[in-house]
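**Q** My questions are about this predicted structure, shown below with the sequence.
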Amino acid sequence: MSTVAQAKRGFSSREDERAASPDDLLFEPPLRIVEYPDPILRARNKRIETFDENLKKLVSEMFDVMYKTEGIGLSAPQVGMNVRLMVFNPAGERGEGEEIVLINPSVYKYSKKMILFDEGCLSFPGIYADVERPDSVQIEAQDIMGANFKFDLSGLPARIFQHEFDHLQGTLFFDRMTEEVVNSIRTELKALEKKYEDRTGLRSPEKIDMRRRMRAVAGFGKS
Ligand SMILES: CSCC[C@H](NC=O)C(=O)N[C@@H](C)C(=O)N[C@@H](CO)C(=O)O
Ligand SMILES: [Fe+2]
C-alpha cells in the first residue's frame, strides 16, 4: 500500500505526529463520552510530551468514565482530548484485573492469525458487530512517567488495544467492518447521525450511506 493510502486508512508515521501543548491537555471533569459522528473522533491526535500531575488526573478521570459507562477500554479522543493516550482494563471493573495506561503507543508487529469478534464502542452506544483483527500485537509505548516499554498482547487485551489504537488514528470500528456487517447496523448508525444533527443543528460531518465512495477514496479494497 502506498504511503498516501496508509495515511488515508488512518496509519501515520511518528514524523506526522505533532506534540501536544499544555493547553491541549487541559480538561474539566466530569469527562463525557463523545459519540459518532462528532468530528473530534476523526481529528488528529497529538503526541504527549508533558508527564505531570495533570496527566495523572486525566488518566484517573478516564478510568472513572470508562467504568461508569461499562467500558473495557477508552481512548483520549473519546472524551474530547485529541492526544495519544489510552487506558484499558479487560476486567471492566474497578479493583479487578489490571489497569493499563499507554501513552504515545505504536505497533511494531501484528500476528498473521486473524480473529472475528463482536465489538462494541462507547462512542456508538448499544451497537455491536463483528470486526476482524490480528489475534496478537507487539507494541511499544510510554508509561505515565514517560518511560518507554515494550509489550506483547494477545486475546482480549490485544483486541482492546487495537480498538483504542484505531481511535488514536481516527479510525472507527465500522471502518473495519465488511459491507454486510455494516448493513446490519446501518439503521443505528443513521440514528446517531440524526441525533447529532438534532443536538447541534449542524449537518452530520459523515454519513454511513456515503461509505462505499469514501472507502474507495481511502484505499480500502475489499467491501
Ligand atoms: C472489544 S474492544 C472494545 C473497547 C471499547 N472501548 C471504547 O470504545 C469498549 O469498552 N466497548 C464497550 C461497549 C465494551 O466492550 N464493554 C464490554 C463490557 O461491558 C462489553 O462486553 O460490552
Ligand atoms: Fe471505541
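**A** Received, thanks. Ligands and ions are numbered 1, 2, ... in the order given.
**Q** Flag every buried residue along stretch 56-63.
**A** For stretch 56-63, a neighbour-count test (16 or more other CB atoms under 10 Å) marks 58-59, 61-63 as buried. All C-beta spots, glycine's among them, are computed from the backbone N, C-alpha and C.
**Q** next one: stretch 38-51
**A** Quick answer for stretch 38-51 (16+ other CB under 10 Å): 38, 40-42, 45-48.
**Q** can I get the residues you listed in JSON lines with pLDDT, distance to residue 189 and secondary structure?
**A** Shown next, in JSON lines, are the buried residues of stretch 38-51 (pLDDT from 0 to 100; distance: CB to CB, whole Å; DSSP: H, G, I helix; E, B strand; the rest coil):
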{"residue": "38", "pLDDT": "98", "distance to residue 189": "13", "secondary structure": "coil"}
{"residue": "40", "pLDDT": "98", "distance to residue 189": "17", "secondary structure": "helix"}
{"residue": "41", "pLDDT": "98", "distance to residue 189": "13", "secondary structure": "helix"}
{"residue": "42", "pLDDT": "98", "distance to residue 189": "15", "secondary structure": "helix"}
{"residue": "45", "pLDDT": "98", "distance to residue 189": "23", "secondary structure": "coil"}
{"residue": "46", "pLDDT": "98", "distance to residue 189": "28", "secondary structure": "strand"}
{"residue": "47", "pLDDT": "98", "distance to residue 189": "31", "secondary structure": "strand"}
{"residue": "48", "pLDDT": "98", "distance to residue 189": "31", "secondary structure": "coil"}
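**Q** Output the below-cut-off pLDDT ranges for this protein.
**A** Residue ranges of the chain with pLDDT under 70: 1-16, 212-223.
**Q** Name the residue closest to the centre of it, please.
**A** residue 167 (2.0 Å; CA atoms, centre = their mean).
**Q** Tell me which helix or strand that one sits in.
**A** For residue 167, the host element (DSSP states H and E) is helix 156-168.
**Q** what residues does that helix touch?
**A** 10, 41, 45, 72-78, 84-86, 88, 90, 100, 102, 105, 107, 115, 117, 119, 121, 131, 133-137, 139, 153, 172-173, 175-176 (CB atoms under 8 Å, 6 or more residues apart in numbering).
**Q** got it, and stretch 77-86?
**A** Against stretch 77-86 from outside (CB under 8 Å, 6+ apart): 17, 20, 24-25, 27, 31-34, 40-41, 43-48, 55, 58-59, 61-62, 65, 73-76, 101-105, 122-123, 161, 164-165, 167-168, 170.
**Q** give me the subset of those touching ligand 1.
**A** Contacts with ligand 1 within the contacts of stretch 77-86, as defined by CB under 6 Å from any ligand atom: 73-74, 122-123.
**Q** ok, which residues in the protein are in contact with ligand 1?
**A** Proximity of the chain to ligand 1 is confined to 70-74, 92, 119-123, 159-160, 163 under the rule CB under 6 Å from any ligand atom.
**Q** The same query, at a cut-off of 5 Å, please.
**A** Residues of the chain lying close to ligand 1 (CB under 5 Å from any ligand atom) are 70-73, 92, 119-122, 159-160, 163.
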